[in-house]
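In: need a structure here:
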Amino acid sequence: MLVLLSWVEAGGVAIVGLAWLLVPGLLVTYGIGLRGIAAAAIAPVVSVGLVATLAVVAAKLGLRWSVPLVLVVCLLVAVITAGVGFALRHRAPARTADPRSVTLTAFLGLLPALALGAVIMVLGLHHPDELSQTYDAVFHYNAVALILDTRNGSSLTMGTLGTPGIPGVFYPAAWHDLTSLVVLSTGSSIPLAANMFSAAAVLVVWPLSCLLLARQIFGPSRIALALTGLVSIGFTAFPWGLLGFGILWPNLLAMSIAPAGLAVVISITGLAPTDPIGRGRAWLLLPVVLLAGGFAQPNVLFSLAVLSLFPIAVALGRRAIALHRNGTLWRGIAEIVLAVVVALAGWWFVATTPALASVRTMYWPSFETPAQAVGQVVANAASGPTFTNGFAALWVLSALVLIGLVLCRWQVTLRWVVAGYAVSAFLYVVTAAINRPDTQKFTGYWYNDAYRLAAMLPITTVPLAVAGIIFLAGKLGVLLDRSDRVPRARRPVRTGLATVIVLILVLIGTKGLYLRDHVAQLTFRRTDTLTGYNPEGWLVNPAEQAFYARIKQDIPAGSVVADNPWDGSALLWALADRRTLFAHLGINTSPAQDLLAAHLDDLGTDPAVCPAVRQLHVGYLLIGNGRFWVSGPDVDARVHAYPGFADPGPNPGFQLVDSAGPDLRLYRVTGCGS
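Out: Below is the predicted model:
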């Protein structure tokens, strides 16, 4: 009963997270004249871009980050956009909404995806505030803690986590900004807010975003729109792979809005059979897409750029043909040449700029042969080096994708989708099977990381799989029409019945769209409260969590706690709201921090220690009970880089405040005065 109650309470937190993702954007999208699927699917893009941009501006103006600030600015922006939309209503009238039955069918199709996804989340997390026991999670949890402490959510300074003596650097903080708003709105813990906000992105924003892309590809097809939501959560690489690996919450948010961003590009190119956005509004929304992607995770902008090449090329080709017919072929050729030059110049810039050097040169060794990597793409089992044999093969969905690939011969609207799928597959194969310095000019913008590139594939495989289901349903419908058992079936009824039958067969063949496989990805490197085992070592186990909650009252709010982050103590900040000296496992540090890491235990003999203690406001020393990542020479070197934080025992200058078990200790630093 208590577990059920906790999930019910967590559902309320998820609803608040969803409200932050949808409501600010909906006020704007309806204000500029969008309706139905387009208004709802683009709303999260606008919300992400608006909130993250506001965080930067607020920091520049010295305004404290708060819920009232965000609400007031969002309402102000909504009023302004609505006023502009009203003033231009004659030149740019509101877009005509799809028939109510189409919109209703599309949104009802999201309900099975929401239900199945919720089951996966519940089974995979075990508890709604389950900790992610991963390297990246330390940064993301403490970035939210930093925003709550300093009331500054600017992406321009987030990269150093407020490390004293180190200038702030850029890190995309849209996910952290929105998660902090969930905490401020609900009073929930940071781990609970992180899980539930990410669940809202996975279970609603991603299917909704895919829905708009499907609307651009298939037009107002009730069958396609009804299927898209459920199909969108069936692939492992995204969203479930990123919910286990990393954990890559910012990338998760960015990829969740990527299909909607691509739908905006489709409107600009004019390739949609019937366009619910409109070219003018699409141009207006393009900067918002760029801001949202850049502040969520910039590598999604590179994904959008790659996938946009093909619809742009088709649009330019069609325009050149039209100009040729009008006797101005030279103009069409000039436009194509200009576009190629701009594309190559942009690629050369990002491939050489020092600003992206650390991203481009991130090294992950190849882990598959080219043939194996291609096989993983075909089987939709593309993953990263942790899974050397890939995720579990999704044979049924893969067969549907292959059918969709074949259909591109007859369905023109699918051809650019196939081209996008091919280049996504190529980038993954290069990363998984080659990944040399000379390939970084192609894959470096995704950190040369196979997980991130694998997550790009479902943007194209979802509509291809939907096309495959529609094709099979059409063939089955013909058989039903010829059957004596359905002699008078009207075409819509026949087609709907055939689609339901095919979908049921797909669900049976995939055992609930591979539910067990997705649950397994969600539990990857998380706290396993059922077995108490984590294959790569604990960050913070249940005993440590209880100890941190207890010692919070012993540590004044303004005091900093010295810690070796590799024993999990860095998460004291996120779990107990007490700031630690080292907030992450691998971040630039100041000379004063390095001095204390090496010599805090020498405070009675080293005259340089106490000035550093006072400078950094260090009042306590926390000793954790274990270490994260149990092996590897590089890890060993970093774990042992904090000899000054060894357990001082009865040594003078330290006073034991509390302890638990044989390893957990909290000391007050007394040897440097008050």
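
In: Ile257 contacts Ala296, correct?
Out: Yes: counting by C-beta atoms under 8 Å, a contact exists between Ile257 and Ala296, whose distance comes to 7.0 Å. In this view, the C-beta of every residue, glycine as well, is placed from N, C-alpha and C.

In: quick one: low-confidence ranges for the stretch 451-600 of the chain?
Out: Within the stretch 451-600 of the chain, the set of residues satisfying pLDDT under 70 comprises 482-492, 524-537.

In: in it, which spans are helices?
Out: Taking DSSP state H, counting those that start in this stretch as the test, the helices found in the stretch 451-600 of the chain are 458-482, 491-509, 511-522, 542-551, 572-576, 591-599.

In: give me the helices and strands touching the fourth one, please.
Out: Going back to what we said before, that points to helix 542-551. Taking 3 or more C-beta pairs under 8 Å, 6 or more residues apart in numbering; DSSP states H and E as contact, the helices and strands that helix 542-551 lies on are helix 572-576, strand 654-660, strand 664-669.

In: please point out which parts of it sit buried.
Out: When burial is assessed from 16 or more other C-beta atoms under 10 Å, helix 542-551 yields the following buried residues: 544-545, 547-548, 551.

In: Asp606: neighbour count?
Out: Taking other C-beta atoms under 10 Å as the criterion, the count of residues near Asp606 is 15.

In: surely Met362 is within a strand?
Out: No: secondary structure of Met362, determined by DSSP: H, G, I helix; E, B strand; the rest coil: coil, with no strand assignment.

In: that one contacts Trp446, correct?
Out: No: contact criterion C-beta under 8 Å: Met362 and Trp446 do not qualify, at 9.1 Å.

In: now do the same for Gly165: helix, strand or coil?
Out: Under the three-state scheme (three-state DSSP), Gly165 adopts coil.

In: in space, what's closest to it - neighbours in sequence excluded?
Out: Of all residues beyond its chain neighbours, the one nearest Gly165 is Ser590 (3.3 Å), with distances taken as C-beta to C-beta, 6 or more residues apart in numbering.

In: which positions in the helix or strand encompassing Ala137 come out as buried?
Out: When elements are defined using DSSP states H and E, Ala137 is found to belong to helix 135-150. Applying a neighbour-count criterion of 16+ other C-beta under 10 Å, one finds 135-148 buried in helix 135-150.

In: same question for stretch 378-388.
Out: By neighbour count, with 16+ other C-beta under 10 Å as the criterion, the buried positions of stretch 378-388 are 379-385, 387.

In: quick check: angle from the helix or strand where Phe107 lies to helix 491-509?
Out: Following DSSP H and E, the helix or strand that holds Phe107 is helix 100-108. Counting by axes from the mean of the first three to the mean of the last three C-alpha atoms, to 10 degrees, helix 100-108 lies at 10 degrees to helix 491-509.

In: would you mark the buried spots in helix 100-108?
Out: Neighbour-count burial for helix 100-108 flags 102-103, 105-107 (criterion: 16+ other C-beta under 10 Å).

In: would JSON lines of those residues with distance to Gly509 be doable?
Out: Supplementary listing: those in JSON lines, determined by distance: C-beta to C-beta, whole Å:
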{"residue": "Val102", "distance to Gly509": "28"}
{"residue": "Thr103", "distance to Gly509": "30"}
{"residue": "Thr105", "distance to Gly509": "24"}
{"residue": "Ala106", "distance to Gly509": "25"}
{"residue": "Phe107", "distance to Gly509": "26"}
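
In: and which of the residues you listed is nearest Ala355?
Out: Relative to Ala355, the closest of the buried residues of helix 100-108 is Ala106; by C-beta to C-beta it sits at 40.5 Å.

In: tell me which helix or strand in this protein has the weakest average pLDDT.
Out: Ranking every helix and strand in the chain by mean pLDDT, DSSP states H and E puts helix 633-639 at the bottom, with a mean of 69.

In: test my guess that Val231 contacts Ile469.
Out: Yes: shown here, Val231 and Ile469 form a contact pair, counting by C-beta under 8 Å, at 7.4 Å.

In: higher neighbour count, those two?
Out: Just comparing Val231 and Ile469: by other C-beta under 10 Å the higher neighbour count belongs to Val231, 28 against 24.

In: now the helix or strand where that one lies, how far from the chain's geometric center?
Out: When secondary structure is defined by DSSP H and E, Val231 falls within helix 222-232. Averaged C-alpha coordinates place helix 222-232 at 22 Å from its chain's average position (C-alpha atoms, centre = their mean, to the nearest Å).

In: what residues does it touch?
Out: With contacts defined as C-beta atoms under 8 Å, 6 or more residues apart in numbering, helix 222-232 is touched by 37, 101-102, 105-106, 108-114, 116, 206-208, 210-211, 214-215, 217-218, 397, 458, 462-463, 465-467, 469-470, 473, 495-496, 499, 503, 513.

In: so for that helix, mean pLDDT?
Out: Per-residue pLDDT values across helix 222-232 average out to 96.

In: give the next helix or strand downstream of that helix.
Out: Sequence-wise, the next helix or strand downstream of helix 222-232 (DSSP H and E) is helix 241-244.

In: my guess is Gly31 contacts Gly85, does it?
Out: Yes: contact between Gly31 and Gly85 holds when scored by C-beta under 8 Å: they sit 5.1 Å apart.

In: what would the helices and strands packed on helix 542-551 look like in CSV with distance to Ala373?
Out: As requested, the helices and strands packed on helix 542-551 are exported to CSV (distance: least, C-beta to C-beta, whole Å):
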stretch, distance to Ala373
helix 572-576, 37
strand 654-660, 47
strand 664-669, 45
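
In: now, of those, which is deepest in the fold?
Out: Among the helices and strands packed on helix 542-551, helix 572-576 has the highest mean neighbour count (mean count of other C-beta atoms under 10 Å), at a mean of 26.

In: what's that one in contact with?
Out: Where contact means C-beta under 8 Å, 6+ apart, the residues beyond helix 572-576 that reach it are 141-142, 144-146, 189-191, 540, 545, 548-549, 551-552, 555, 561, 563, 578-580, 583, 622.

In: please repeat the previous calculation with a cut-off of 6 Å.
Out: The list of residues contacting helix 572-576 from outside it, by C-beta atoms under 6 Å, 6 or more residues apart in numbering, reads 141-142, 145, 190, 548, 552, 578-580.
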